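Engineer: Predicted model and sequence below, questions to follow.
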Amino acid sequence: MTNVALVGPTLADFESARNVVGRVAAVTPMESSRYLSELLGSPVLLKCENLQRTGSYKIRGAYNRMSKLTDEEKTRGVVAASAGNHAQGVAFAARELGIQATIFMPVGVALPKLQATRDYGAHVILRGNTVAEPLLAAAEWAAETGAVLIPPFDHADVVTGQGTVGLEILDQVPDLATVIVPIGGGGLISGVASVLKQRALRDGRKIRVIGVQAANAAAYPPSLDAGRALEIQITPTIADGIAVAKPGLLNFEIVRDAVDEVVTVSEDDTARALLMLLERAKLVVEPAGAVAVAAILAGKVAATGPTVAILSGGNIDPLLMQRVISHGLSASGRYLTLRIMLPDRPGQLARISELLAEAHANVIEVLHTRHGVGLQISEVELNVSVETRGPDHRQLVVDVLRAAGYDPQFD
């Protein structure tokens, strides 16, 4: 960390923003996690911004930015582009401040996010298949109509609003040693890191800040290596809320100076984290909001002393949740799909069922066909999906089938 106090908002700015943001944002709970604490070897607490109004921390930066608009700017309205959380934050803030909001969203946006944005009173325009197209459309709208563009992360007022999360963390965990933060464009981590590092410098203590990105959308590691914000090619990720191709310019400067480490997590890591949060913590968290926990589960971070993982959002489409849970079960060794070639004679399916019962595997789905590609006339293909209790039990199921002379194939 170098010259943190000289980059971006000051502590006084963050304290002032807390008074503003507090008009609409809740002080979200801090929940301890025994499971994660045992895994990490240090106390782990979860900062539950998934329980924030509108379902994410985004309301903080949006409201702080929009509260600073002049009366004349407010009459022109605001415009933003988002696939979900920023849209809802802007729409809610606009309603509270009496401002007309126009939000551009991708055509394929999840229905719950679309409906929530409309319910907050925003005029929603669907445009394109990725967030890039709505962003361009929003900029054009601002130029044509005079509406004020509210950026999702790259603005000092937005950063200051998001940084109020850091002030709450210090109030709730005074002996904080490490905080783990999801990163997309960098609005949340730049605000939180700036607060924590400036307070640590003032108080003569150390606080580590670790950022986490989805491996399929990780612009910060190469940017930090290059010393400047780079644009990358994003590949599909379930953590769409942090799928940003290029760091914000202000955000990058702060992250470069104030963040100790940035790590990445895989799709499987994220799916396992979402499942763990549902089962162990009884918390609904969207994939992007769960990557800090994913980093702990994947062994990507080390910490000593009280550690806070920020759950940045909870806005997840139920259909996506269903798919992610299934993926998480499979990634955790608790869901297994087997492909078994069988001789085409009576009793084979019953025999497989007996073996699975002996191994205490619960059958979920069975597909038995003579028409698979590459099958011999005397063969049938059996695809069977079973629930298992974890990796050891999964291997036992496979071993039982192999011991009986079968050759189960699985991913």
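Structural biologist: Arrived safely, thanks for sending. Residues are numbered from 1 along each chain as shown.
Engineer: all contacts plus neighbour counts: C-alpha atoms, from now on.
Structural biologist: Noted.
Engineer: I figured Arg394 hits Leu336, correct?
Structural biologist: Yes. In this structure Arg394 lies within contact range of Leu336 using CA atoms under 8 Å: 7.1 Å.
Engineer: okay, the two: which has more neighbours?
Structural biologist: Leu336 (25 against 20; other CA atoms under 10 Å).
Engineer: ok, Asp317 - contacts?
Structural biologist: By CA atoms under 8 Å, 6 or more residues apart in numbering, Asp317 lies in contact with Ala110, Leu111, Pro112, Lys113.
Engineer: ranking those residues by neighbours, who comes first?
Structural biologist: Within those, neighbour counts (other CA under 10 Å) peak at Lys113, which reaches 20 neighbours.
Engineer: quick one: pLDDT of that one?
Structural biologist: We have a pLDDT of 86 for Lys113.
Engineer: Return the set of buried residues in stretch 314-328.
Structural biologist: Gly314, Asn315, Ile316, Met321, Val324, Ile325, Ser326, His327, Gly328 (16 or more other CA atoms under 10 Å).
Engineer: Now render those residues as CSV, adding distance to Asp157.
Structural biologist: Below are the buried residues of stretch 314-328 laid out as CSV (distance: CA to CA, whole Å):
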residue, distance to Asp157
Gly314, 23
Asn315, 24
Ile316, 27
Met321, 33
Val324, 34
Ile325, 36
Ser326, 39
His327, 38
Gly328, 37
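Engineer: In CSV, list the residues you listed along with distance to Lys68, pLDDT and secondary structure.
Structural biologist: Output for the buried residues of stretch 314-328, formatted as CSV (distance: CA to CA, whole Å; pLDDT from 0 to 100; DSSP: H, G, I helix; E, B strand; the rest coil):
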residue, distance to Lys68, pLDDT, secondary structure
Gly314, 27, 93, coil
Asn315, 27, 91, coil
Ile316, 30, 89, coil
Met321, 37, 85, helix
Val324, 39, 82, helix
Ile325, 41, 81, helix
Ser326, 44, 79, helix
His327, 43, 75, helix
Gly328, 43, 75, helix
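Engineer: quick revisit: ok, the contacts of Asp317 vs Gly8, which is closest?
Structural biologist: The shortest approach to Gly8 among the contacts of Asp317 belongs to Lys113, at 31.2 Å (CA to CA).
Engineer: Thought Gln88 was touching that closest one, still the case?
Structural biologist: Yes. If you go by CA under 8 Å, Lys113 and Gln88 touch, sitting 7.5 Å apart.
Engineer: Could you pull out the residues contacting both of Arg394 and Leu336?
Structural biologist: Thr388.
Engineer: Show me the shaky parts of the stretch 301-411 of the chain.
Structural biologist: 370-377 (pLDDT under 70).
Engineer: follow-up on the earlier one: please list the members of the contacts of Asp317 that lie in helices.
Structural biologist: Leu111, Pro112, Lys113 (DSSP state H).
Engineer: roughly how far apart are the last one and Leu336?
Structural biologist: With distances defined as CA to CA, to the nearest Å, the gap from Lys113 to Leu336 amounts to 32 Å.
Engineer: Nearest residue to Phe410 in space, please, no chain neighbours.
Structural biologist: Leaving aside its sequence neighbours, Phe410 sits nearest to Leu338 (CA to CA, 6 or more residues apart in numbering; 5.0 Å).
Engineer: go on, Val7?
Structural biologist: Among residues not flanking Val7 along the chain, Ile254 sits closest, at 6.2 Å (CA to CA, 6+ apart).
Engineer: Provide a list of residues in contact with that neighbour.
Structural biologist: Val4, Val7, Gly8, Ser190, Ala193, Ser194.
Engineer: try Val20
Structural biologist: Neighbours of Val20 in contact, by CA under 8 Å, 6+ apart: Asn64, Ser67.
Engineer: In a helix, it, correct?
Structural biologist: Yes. Val20: assigned to a helix according to DSSP: H, G, I helix; E, B strand; the rest coil.
Engineer: For the helix or strand where Ile310 lies, name the packing helices and strands.
Structural biologist: Ile310 belongs to strand 307-311 when assigned by DSSP states H and E. Counting contacts by 3 or more CA pairs under 8 Å, 6 or more residues apart in numbering; DSSP states H and E, strand 307-311 packs against strand 44-48, strand 178-182, helix 291-297.
Engineer: Just put those in a markdown table and tack on mean neighbour count.
Structural biologist: Listed next are the helices and strands packed on strand 307-311 as a markdown table, based on neighbours: other CA atoms under 10 Å:
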| stretch | mean neighbour count |
| --- | --- |
| strand 44-48 | 25 |
| strand 178-182 | 28 |
| helix 291-297 | 28 |
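Engineer: Can you redo the ones you listed as JSON lines, where the extra columns are mean pLDDT and distance to Thr235?
Structural biologist: As requested, those are exported to JSON lines (pLDDT from 0 to 100; distance: least, CA to CA, whole Å):
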{"stretch": "strand 44-48", "mean pLDDT": "98", "distance to Thr235": "28"}
{"stretch": "strand 178-182", "mean pLDDT": "98", "distance to Thr235": "18"}
{"stretch": "helix 291-297", "mean pLDDT": "97", "distance to Thr235": "17"}
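Engineer: Nearest to Pro221, out of these?
Structural biologist: strand 178-182 (13.4 Å).
Engineer: what's in contact with that closest one?
Structural biologist: 188-189, 207-213, 242, 288-292, 303-312.
Engineer: ok, 6 Å please
Structural biologist: Defining contact as CA atoms under 6 Å, 6 or more residues apart in numbering, one finds that strand 178-182 is touched by Ile189, Ile207, Arg208, Val209, Ile210, Gly211, Val212, Ala292, Thr307, Val308, Ala309, Ile310.
Engineer: from what I can see the second one touches Ala177, true?
Structural biologist: Okay, so that is Ile207. Yes. Using CA atoms under 6 Å, Ile207 makes contact with Ala177 at a distance of 4.9 Å.
Engineer: just to revisit the earlier point, pick out the one among the contacts of Ile254 with the largest number of neighbours.
Structural biologist: The most crowded member of these is Ser190, carrying 34 neighbours; neighbours defined as other CA under 10 Å.
Engineer: so who does it touch?
Structural biologist: Counting by CA under 6 Å, 6+ apart, Ser190 makes contact with Asn251, Ile254, Val255.
Engineer: from those residues, which single one is nearest Glu267?
Structural biologist: Checking those against Glu267 with CA to CA, the nearest one is Val255 at 23.8 Å.
Engineer: Helix, strand or coil: sort out that closest one for me.
Structural biologist: Secondary structure of Val255, per three-state DSSP, is helix.
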